[in-house]
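Undergrad: Need a 3D model of the sequence below.
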Amino acid sequence: MAQITLRGIDPEIEKKIRHLANERRQSINQVLVTIIHQSLGKGKKPHRAASLEKFAGGWSDKEAADFKRAIKVFEQIDEEMWR
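TA: Numbering: from 1, shown residues only. Take a look at the predicted model:
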């Protein structure tokens, strides 16, 4: 990855960047990369759990169908049990 050095940053802006990094529990680099991506329209603001995104909320059509097939038995009412 490329590296860029910034010089001449206004002390108030530096203070705000450091505050954001502390607030978000991110490095200064991560905060600045996020700001740059947002300003260039290269993505939405990442949330704190972005690293877990690949584990949640995304099933393929086959996985969803397999799951529905596996739980179908639980949708049947046992009439004998409810008498």
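Undergrad: can you list contacts of stretch 1-17?
TA: Contacts of stretch 1-17 with the rest of the structure, by CB atoms under 8 Å, 6 or more residues apart in numbering, involve 28, 31, 32. In short, each C-beta sits where N, CA and C put it, glycine included.
Undergrad: Show the end-to-end separation of that stretch, please.
TA: The stretch stretch 1-17 measures 22 Å between its terminal residues, going by CA to CA, to the nearest Å.
Undergrad: what is the mean pLDDT for it?
TA: Average pLDDT, stretch 1-17: 89.
Undergrad: For that stretch, buried residues please.
TA: residue 17 (16 or more other CB atoms under 10 Å).
Undergrad: how distant is it from the center of its chain?
TA: 25 Å (CA atoms, centre = their mean, to the nearest Å).
Undergrad: low-confidence ranges in this structure?
TA: For the chain, applying pLDDT under 70 flags the ranges 42-57.
Undergrad: what about burial for the contacts of stretch 1-17, which qualify?
TA: 31, 32.
Undergrad: between the contacts of stretch 1-17, which is closest to residue 71?
TA: residue 31 (43.1 Å; CB to CB).
Undergrad: circling back to that earlier point, is it possible to export the contacts of stretch 1-17 to JSON lines including distance to residue 79 and secondary structure?
TA: Converted to JSON lines, the contacts of stretch 1-17 look like this (distance: CB to CB, whole Å; DSSP: H, G, I helix; E, B strand; the rest coil):
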{"residue": "28", "distance to residue 79": "65", "secondary structure": "helix"}
{"residue": "31", "distance to residue 79": "61", "secondary structure": "helix"}
{"residue": "32", "distance to residue 79": "64", "secondary structure": "helix"}
